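> what follows is a predicted protein model with its sequence.
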Amino acid sequence: GQQLNQSPQSMFIQEGEDVSMNCTSSSIFNTWLWYKQDPGEGPVLLIALYKAGELTSNGRLTAQFGITRKDSFLNISASIPSDVGIYFCAGHSGGGSEKLVFGKGMKLTVNP
Amino acid sequence: GAVVSQHPSWVICKSGTSVKIECRSLDFQATTMFWYRQFPKQSLMLMATSNEGSKATYEQGVEKDKFLINHASLTLSTLTVTSAHPEDSSFYICSARASGGIYEQYFGPGTRLTVT
């Protein structure tokens, strides 16, 4: 089945630093989504991308839909302690299926 | 907007009993709802997809007679874990997708099930 390769798996950064993470796929996706999950909570949608090459920001977060439609990245600028959590990418490939394919997640730790 | 609630947030039950988890879309109509299971430090594992008024579609390996899903209205789906056993203990999360052409899923806060 389809899989998303999300990297890195974890990051430890200092408060104020920027962080970047990405997802790649062997197949094309029509939609890329980025979620954040806090411990014991459900994932929260951060950014949704619908067009190849699209660059979208949400506050300190910026995400891009890769030109090849096989990758996406998420940047967080000027990190703060509340950015701690697990970030998941998810993709939708179309073809009549409503399912999303999820990456394995990236655990972010921010040291104050 | 796009708020999804789940109830209960946690439940402890004895082995052999059944547990029902509710998932509601509070401010939008959800033509499709999804049920996921998440093990510690792992990603989300899709269990089933449910559309309002029709039978749920289960993923391979998920027992449909054990995990009963009902999507009776455009704002409510329920997951019933029947004859629960300790190995069913997990974090169950639902999500909802609004009608239309977008594929964003909005997640509930999850339900922690512990079977003793």
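Yep, that arrived. Remember, it's a predicted structure, so these values are computed and weren't measured experimentally. Residues are numbered from 1 along each chain as shown, chains lettered A, B, ... in the order given.

> around chain A, pick out the residues from chain B.
B:2, B:4, B:6, B:32, B:34, B:42-44, B:46, B:49, B:91, B:93, B:95, B:97, B:102-110, B:112 (Cβ under 8 Å from any Cβ of the partner chain). All C-beta spots, glycine's among them, are computed from the backbone N, C-alpha and C.

> please check those and keep the buried ones.
Neighbour-count burial (16 or more other Cβ atoms under 10 Å in any protein chain shown) is assigned, among those, to B:2, B:4, B:6, B:32, B:34, B:43-44, B:46, B:49, B:91, B:93, B:95, B:97, B:103-110.

> out of those, which are inside strands?
Cross-referencing those against strands under DSSP state E gives B:4, B:6, B:32, B:34, B:44, B:46, B:49, B:91, B:93, B:95, B:97, B:106-107.

> quick one: which of those residues is nearest to B:S83?
Relative to B:S83, the closest of these is B:F91; by Cβ to Cβ it sits at 19.8 Å.

> and the helix or strand of chain B with the lowest mean pLDDT, which residues are buried?
Each helix and strand of chain B was given a mean pLDDT (mean pLDDT, DSSP states H and E); the minimum falls on strand B:67-73 at a mean of 92. Within strand B:67-73, the residues scored as buried using 16+ other Cβ under 10 Å are B:F67, B:L68, B:I69, B:H71.

> the residue in chain B positioned nearest to chain A bridge partners, please.
Nearest residue of chain B to chain A, counting by Cβ to the nearest Cβ: B:F107, 3.6 Å away. Using DSSP bridges, the beta-bridge partners of B:F107 come out as B:S95.

> give the contact list for it.
A:Y35, A:G42, A:P43, A:V44, A:L45, B:V4, B:I93, B:C94, B:S95 (Cβ atoms under 8 Å, 6 or more residues apart in numbering or on different chains).

> now distance to B:R24 and pLDDT too, for these, in a markdown table please.
What follows is those, written out as a markdown table (distance: Cβ to Cβ, whole Å; pLDDT from 0 to 100):
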| residue | distance to B:R24 | pLDDT |
| --- | --- | --- |
| A:Y35 | 20 | 98 |
| A:G42 | 13 | 97 |
| A:P43 | 17 | 97 |
| A:V44 | 17 | 97 |
| A:L45 | 17 | 96 |
| B:V4 | 7 | 97 |
| B:I93 | 14 | 98 |
| B:C94 | 9 | 98 |
| B:S95 | 12 | 97 |
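
> let's have these in JSON lines, adding distance to B:V19.
What follows is the contacts of B:F107, written out as JSON lines (distance: Cβ to Cβ, whole Å):
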{"residue": "A:Y35", "distance to B:V19": "26"}
{"residue": "A:G42", "distance to B:V19": "18"}
{"residue": "A:P43", "distance to B:V19": "22"}
{"residue": "A:V44", "distance to B:V19": "25"}
{"residue": "A:L45", "distance to B:V19": "27"}
{"residue": "B:V4", "distance to B:V19": "19"}
{"residue": "B:I93", "distance to B:V19": "15"}
{"residue": "B:C94", "distance to B:V19": "14"}
{"residue": "B:S95", "distance to B:V19": "19"}
